[in-house]
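quick one, fold the following:
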Amino acid sequence: MKKRILSTTRSLLLLFVFLISIQNVFCQGDSIKPKIRKNTLRVNITNPMIFGKSYILGYERIVNHKQSFAIGVGSFSLPKLRDVDFGSEYNVVSTSDNGGLNISGEYRFYQSKVNKYDAPRGVYIGPYAAYNKTHRNMTITSTSVIGQFDAGYEFRVTTVGLQLGYQFVFWERVSLDMILMGPGLSGYSLKTTLSTTLDPDKEEELFQKINDAIAARFPGWDQVIAPGEMHKNDTFKTTSAGFRYMVMLGFRF
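Numbers count the residues shown, from 1 in each chain. Sure, this is the predicted structure:
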């Protein structure tokens, strides 16, 4: 996961530099004042690359020539654990995703001192808030002893912070919105449930394998849920640093 995030970040930075270098080609006809289009409907194209099953639609509305607000809603899910190597002693019988939710809101201040054009084009900064929730259940059997392990978890993340981004507009209709930095403060809540006929040592072993597997697939998990803190039938809450970056492709109208 970390390698995937670093690779995605490098790709986004290269794309940003490339778009900055060619944007004047698309803006040569802007000497004529274009029609004012206050609405943008867009889709998040980075979440599916990083998290898999995560599809988010967004909407941005221009308030005035240098401010706007935006909302987003969609699905959110951690990567599946069916392919995790639990060892030859265990067999994953089933895994199910009970669905997930993403909701976000933000307010943007487009920087007129550095932007040649009015909102929604150019550099912007502003506050944001995001909420993510996902469920997952899985059943594991042991091949060495008779027993079954049924585990489930509900994971929630609420983040507030400040973001810096740049939005490109091509042909007055197409937008490419890149949130480059979004440091924030996140509240995490993890609720785990367990029903098993395995002995306590094997329970702990499997829970630790699940914890390690999620940590490898979800950035920052290992900083939130430390080894040994994931227990059966328990709720764990903590606060930690969060972050946000994404690319959204939009249509203006």
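
from Asn102, how far out is the most centrally placed residue in the chain?
Residue closest to the average C-alpha location in the chain (CA atoms, centre = their mean): Asn47, at 5.3 Å. Remark: distance between Asn47 and Asn102 (CB to CB, to the nearest Å) = 8 Å. In short, each C-beta sits where N, CA and C put it, glycine included.

overlap of the contact sets of those two?
Counting by CB atoms under 8 Å, 6 or more residues apart in numbering, the contacts common to Asn47 and Asn102 are Ser54, Ile56, Gly74, Phe76.

so what's the residue nearest to the centre of the chain closest to, chain neighbours aside?
Nearest residue to Asn47 in three dimensions, chain neighbours excluded: Ser54, at 3.9 Å (CB to CB, 6 or more residues apart in numbering).

secondary structure class for that neighbour?
coil (DSSP: H, G, I helix; E, B strand; the rest coil).

surely it touches Thr46?
No - using CB atoms under 8 Å, Ser54 is not in contact with Thr46, being 9.2 Å away.

show me what contacts the residue nearest to Asn47?
By CB under 8 Å, 6+ apart, the neighbours of Ser54 are Asn44, Asn47, Pro48, Gly74, Ser75, Phe76, Ser77, Gly100, Asn102.

against Phe86, how distant is Thr143?
Taking CB to CB, one finds Thr143 at 10 Å from Phe86.

those two: who's more crowded?
The neighbour comparison of Thr143 against Phe86 (other CB atoms under 10 Å) goes to Phe86, with 17 against 10.

shouldn't the more buried one be in contact with Leu206?
Yes - applying CB under 8 Å as the test, Phe86 and Leu206 come out as touching, 7.0 Å apart.

and Arg108, what helix or strand is that in?
strand 90-110 (DSSP states H and E).

return the set of buried residues in that strand.
Tyr90, Val92, Thr95, Asp97, Gly100, Asn102, Ile103, Ser104, Glu106, Arg108, Tyr110 (16 or more other CB atoms under 10 Å).

out of those residues, which one sits closest to Asn132?
Asn102 (5.2 Å; CB to CB).

where does that closest one land on pLDDT?
At Asn102, the predicted lDDT confidence score is 93.

can you check the one 5 residues further on too?
At Tyr107, the pLDDT value in this model is 98.

what's around Lys66, how many residues?
18.

scratch that, Leu162 is what I was asking about
Residues near Leu162, counting by other CB under 10 Å: 14.

show me what it bridges to in the sheet.
Pro127 (DSSP bridges).

roughly how far apart are it and Tyr110?
According to CB to CB, Leu162 stands 15 Å off from Tyr110.
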